[in-house]
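Novice: have a look; sequence and predicted model below, questions after that.
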Amino acid sequence: MTDATDRAADRAADRAADPGPAAPGRSGAAGRPGRRNRRSPARALFRRLFLVNGLVFAVGTLVLALAPVTVSSPVLLTEIPVLAIGLALIVTVNGLLLRASLAPLDALTTLMRRVDLLQTGDRLEDAGNGDLTNLIETFNAMLDRLESERSASSAHALAAQEGERQRIARELHDEIGQSLTVVLLGLKRAVDRAPAELREELHAVQETLRESLDDVGRVARRLRPDVLTDLGLLSALNALATEFSQVSGVPVVRRLTPDLPVLSAEKELVIYRIAQESLTNVARHARADRVELSLRAEDGAVLLRVADDGLGEVRREGAGIRGMRERALLIGARLGIAAEPGTGTEIRLAVPADGPGQRET
């Protein structure tokens, strides 16, 4: 009886799940790879539901056949409660079995709603769900593929962004910076030959031009951190903290450990950019009185921490935070953001080291 039921279920599933003959140019085996070893998700789910319903009705029929219960024709009023109770039991058992069979679909729907490609590792575990195993594995494989494609596209976009930053920095330094320097030197000669009543105004113009030249240099350094390439990560972070304090007036407590594991140039650049973006967010939004910047080695990784005592409010993740997450994913690092209203915000970045050695200081 079970074999006949399975064959009937398979034939019904074939008609429901298979849309029609294979496309031209494909053989039956090529159009449905692995057909002999694994059923399609639609066919497997149909078979499970068919068997569950068939089992419930078979058991109900067997109970009615063996129970000392008779039904008259026409049905008597005293027999109606017995029929209603039997129907309720069958429907209840059928509902419980179907709910248990389809429970993984609720977990899958929940995961679909919360999945974020910038926060990797969120997968649905297969708890021995039988016919739904193929669906769970396919969904997890889709997430793996999407995360891989997102990482590759982010790598290309960030590389293009860094190249554009370097180009703009060179133009600022080589063209605008040099032009302003020439104008400043010419203005100095004009001040020396100007009448006394004009020198004060020309001195003011000279100071404004000098400040503009300093601003151009500061923007160029932010776009292209030459100190990172020339002097290393620690010197670059020290220079970044000093510049931040000068511009914002917020003191930075530095805890930078010199004995760090070896990091690639790409990882050092990501650490620098995330520290830079974190300090920029502090200056724009935090209203902090103090910032702590630390970098240390911990469990085979390099841990960057930027904490402030400001408002501690992150209402939504804007382009800056999403950019930090993309950079962290690019090098396989873990980025955590913790904000507590009235206490401050903490950003932690854990970067895996490249090797057991230590960088020379």
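Specialist: All right, it came through fine. Keep in mind that this is a model prediction, so the values were computed, not measured. Numbering: from 1, shown residues only.
Novice: does anything pack onto the longest helix seen in the chain? Which helices or strands?
Specialist: The longest helix of the chain (DSSP state H) is helix 133-171. Counting by 3 or more CB pairs under 8 Å, 6 or more residues apart in numbering; DSSP states H and E, the packing neighbours recorded for helix 133-171 are helix 41-66, helix 80-114, helix 196-223, helix 319-330. Yep, even glycine has a C-beta here, placed from its N, CA and C like the rest.
Novice: which strands and helices lie in contact with the longest one?
Specialist: Contact here means 3+ CB pairs under 8 Å, 6+ apart; on that basis helix 80-114 packs against helix 41-66, helix 133-171.
Novice: starting at the chain centroid, how far to it?
Specialist: Mean-position distance between helix 80-114 and its chain equals 35 Å (CA atoms, centre = their mean, to the nearest Å).
Novice: please apply the same query to the shortest one.
Specialist: In this view, helix 319-330 has its centroid 8 Å away from the chain centroid, taken as CA atoms, centre = their mean.
Novice: could you check the angle helix 133-171 makes with that helix?
Specialist: Interaxial angle, helix 319-330 versus helix 133-171 (axes from the mean of the first three to the mean of the last three CA atoms, to 10 degrees): 110 degrees.
Novice: how about helix 319-330: buried residues?
Specialist: 321, 323, 324, 325, 326, 327, 328, 329, 330 (16 or more other CB atoms under 10 Å).
Novice: can I get the CA coordinates of it in CSV?
Specialist: Once non-C-alpha atoms are left out, helix 319-330 reads as follows in CSV (Å, rounded to 0.1, in the frame of the first residue of the first chain):
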residue,chain,number,x,y,z
ALA,A,319,27.1,56.1,3.4
GLY,A,320,30.0,56.5,5.8
ILE,A,321,29.2,53.5,8.0
ARG,A,322,28.3,51.3,5.0
GLY,A,323,31.6,52.3,3.4
MET,A,324,33.4,51.1,6.5
ARG,A,325,31.5,47.8,6.4
GLU,A,326,32.4,47.3,2.7
ARG,A,327,36.1,48.0,3.5
ALA,A,328,36.1,45.6,6.4
LEU,A,329,34.5,42.8,4.2
LEU,A,330,37.1,43.5,1.6
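Novice: right, and the helix or strand after it?
Specialist: On the C-terminal side of helix 319-330, the nearest following helix or strand under DSSP states H and E is strand 334-340.
Novice: can you check the pLDDT for residue 307?
Specialist: The model reports residue 307 with a pLDDT of 94.
Novice: that one belongs to a helix?
Specialist: No - assessed by DSSP: H, G, I helix; E, B strand; the rest coil, residue 307 does not belong to a helix; its assignment is strand.
Novice: what's the closest non-adjacent residue to it?
Specialist: residue 346 (4.3 Å; CB to CB, 6 or more residues apart in numbering).
Novice: and the longest helix of the chain, what's its mean pLDDT?
Specialist: Helix 133-171 comes out at a mean pLDDT of 78.
Novice: picking that back up, dump the helices and strands packed on helix 133-171 to a markdown table, plus distance to residue 233 and mean pLDDT.
Specialist: Formatted as a markdown table, the helices and strands packed on helix 133-171 follow (distance: least, CB to CB, whole Å; pLDDT from 0 to 100):
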| stretch | distance to residue 233 | mean pLDDT |
| --- | --- | --- |
| helix 41-66 | 49 | 73 |
| helix 80-114 | 35 | 75 |
| helix 196-223 | 15 | 83 |
| helix 319-330 | 15 | 85 |
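Novice: out of those, which is the most enclosed?
Specialist: Compared across the helices and strands packed on helix 133-171, helix 319-330 shows the largest average neighbour count, a mean of 18 (mean count of other CB atoms under 10 Å).
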